[in-house]
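Enquirer: I need the structure of the sequence given here:
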Amino acid sequence: MTGHNLLTDTPELYELRFPDPGFVAARWAESVLREHRAGPEVLDLGCGTGRDAGWLHRAAGRTVTGVDSSEAMIRHARTHHPGPAYHVGDMRTFRLPGRFDAVLCLDSALLYCHTNEDLDALFGRLRRHLRPGGLLVAELRNGAFFLGRTDLLDTPRTDRVTHDGVTRTSHTVLRIDHAAQLLRRTRTWTSDDGAPAVVQHSAWRLLFPQELRGLLAAHGFTVLDLYDRPGPRTEPPWTEGARPADTAADDRLHLVARLQGPVGDRRGRRR
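Expert: Residues are numbered from 1 along each chain as shown. Predicted coordinates:
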């Protein structure tokens, strides 16, 4: 079978496969919001299962709205991570009432915009939904990491997870589509219950740090921080009080940008 995404279609499986019992991603995002004095209203764009949005609502006291294109993810979020307002929507076309103090775009959600037109549409939506001076906080794969390196491409990755008494095994292969500037992933799932294998295809746009800066500037954003480590998915992972490194060469980029408005933030480190 092809065309299925077991992790998106089965949110409980997603949270088992990618556990975050300490809510590191949400705590990292909250630390950035606090550092840059973001207001309380936050949009989690590509919110997935709602795990981060729910923590920010429950533990940080923020007013959170979550948007994701997966109906299954949104249903799970409403049931298991209640509090935020959740909506099904495409990040290129979503429309919500009002504006937000900050937008989060975690775990490479931004990179599901594959074309320049997709990215322009996304940033147009961000301008429409952010207040002047509002923050964009993003965590994404770093295109520059793949310049001359094949660490993540040479060795297929195998992982196992058990859900509802069934053990599922995933075999993941990554490759670079140079013409499209995409990191393409093929993931094949097998299970010990005799079900047919499921083959999933997905991809991320690869953006380089300077390309990202130019794209943001063209859409009215000022970059306050752009760095590789530490973050919620780096090794070692971020811990409270950790300060950013000065490079942008590892697998992950962490971005903080401000929509230009009447009030600026001069404290950001420009790199």
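Enquirer: Below-threshold pLDDT in the protein: ranges please.
Expert: Counting by pLDDT under 70, the chain shows low-confidence ranges at 1-4, 262-271.
Enquirer: Please identify the nearest residue in space to Leu119, excluding sequence neighbours.
Expert: Counting by CB to CB, 6 or more residues apart in numbering, Cys113 is the residue found nearest to Leu119 once chain neighbours are left out, at 4.8 Å. Every residue, glycine included, has its C-beta placed from N, CA and C.
Enquirer: Near Thr93, how many other residues are there?
Expert: Using other CB atoms under 10 Å, Thr93 has 10 neighbouring residues.
Enquirer: List the contacts of the residue nearest to Leu119.
Expert: Cys113 makes contact with Met91, Arg92, Leu119, Ala121, Leu122, Arg205 under the criterion CB atoms under 8 Å, 6 or more residues apart in numbering.
Enquirer: from those residues, which ones fall inside strands?
Expert: With DSSP state E as the criterion, strands contain Arg205 from among these.
Enquirer: So which of the contacts of Cys113 is surrounded by the most neighbours?
Expert: That'd be Leu122 among the contacts of Cys113, by other CB under 10 Å, with 23 neighbours.
Enquirer: now the closest residue to that residue other than its chain neighbours: how far from His201?
Expert: Of all residues not flanking Leu122 in the chain, Cys113 sits nearest, at 4.9 Å (CB to CB, 6+ apart). Distance, Cys113 to His201, by CB to CB, to the nearest Å: 17 Å.
Enquirer: just Gly194 next, same as before
Expert: Distance from Gly194 to His201, counting by CB to CB: 24 Å.
Enquirer: Between these two, which is the more surrounded one?
Expert: His201 (12 against 7).
Enquirer: From the contact counts, what lies against the helix or strand where the more buried one lies?
Expert: Assessed by DSSP states H and E, His201 sits inside strand 198-205. Packing contacts for strand 198-205, counted by 3 or more CB pairs under 8 Å, 6 or more residues apart in numbering; DSSP states H and E, involve strand 182-191.
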